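Here is my input, please return the structure:
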Amino acid sequence: MGIHDGHREKMRKRFLQSGLDAFADHEALELLLYYAIPRRDTNPIAHALMERYGSLPAVLSAPVEDLRKVEGIGESGAILLKLVPQLTRKARLASAAQETVLNSSERAGAYLMERFSDERNEVIYQLCLDRKGKLIACKRLSEGSVTNAELNTRQVVENAILTSASVVILSHNHPSGLALPSEEDYAATNRIRAALAAIGVELADHIIVSDGDFVSMADSGYLG
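Sure thing, here's the model as predicted:
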């Protein structure tokens, strides 16, 4: 057993005994990278990551392409760092979706802000609900550029039919601006509301998310 093997075993035992609360941020990264970089000392790599990005959250949100620039990390290490927070977020969202009731703009907005938290481009989501506001499905409709994403009316209608939804909430984000509806947003809302009304489904809201905030078009009186 080499010197690095002995150190790794001590780190693993320490984690199993005390969890990550007993680790400094760079030590947590060092431990994680063991499982992508089996034959190299990952301590200098962890320090380099912290120096480059400044904090653990910044490391875990960095693009894979940029992570690869850190000496020694390699593609496997970069992908692992990107995978872990996304897997955690996916599990958290799946847990939250069970018996999720979105019967107010506050609840729907909070749920959607979590959905959009890691999005860098404009993305459109459709929430399909029953009459009591229970979430049946959250559909990711499209992803575009920083300023635009295409909204397919037929897809929205099909999702509502396939999930037997009684109510739909539409949502998209403004990654590079304020959470205020544009003229295009008003036009899209009118188009979707009319298409859903034709099959007996209510468009309850169109929520726009940006920079930790959201605007409800229903609360603004537009869908009243």
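
quick one: secondary structure of the residue nearest to Thr189 when sequence neighbours are not counted?
Nearest-residue entry for Thr189: His206, 4.7 Å, with adjacent residues in sequence omitted and distances by CB to CB, 6 or more residues apart in numbering. Any C-beta I mention is one placed from the backbone N, CA and C, and that applies to glycine too. Following DSSP: H, G, I helix; E, B strand; the rest coil, we place His206 in the strand state.

OK, contacts around His206?
169-171, 181, 185, 188-189, 192, 216-218, 222-223 (CB atoms under 8 Å, 6 or more residues apart in numbering).

now Asp118
Ser61, Pro85, Gln86, Arg89.

Out of these, which one has the lowest pLDDT?
Minimum pLDDT for the contacts of Asp118 is recorded at Arg89 (81).

what's the domain layout of this protein?
The chain breaks down by automatic domain parsing into domains covering 3-94, 99-216.

what's the neighbour count on the nearest residue to Pro63 once chain neighbours are set aside?
Leaving aside its chain neighbours, Pro63 sits nearest to Lys82 (7.9 Å; criterion: CB to CB, 6+ apart). Applying other CB atoms under 10 Å, we find 16 other residues in the vicinity of Lys82.

unless I'm mixing things up, Lys82 is touching Glu65, no?
No. If you go by CB atoms under 8 Å, Lys82 and Glu65 don't touch, sitting 10.2 Å apart.

His26 versus the closest residue in space to Glu143 that isn't next to it in sequence, what's the distance?
Nearest residue to Glu143, sequence neighbours excluded (CB to CB, 6+ apart): Val123, at 4.8 Å. Using CB to CB, to the nearest Å, Val123 is found at 33 Å from His26.

Let me know the pLDDT of the nearest residue to Leu31 once chain neighbours are set aside.
Leaving aside its sequence neighbours, Leu31 sits nearest to Met11 (CB to CB, 6+ apart; 5.3 Å). Looking at Met11, its pLDDT stands at 91.
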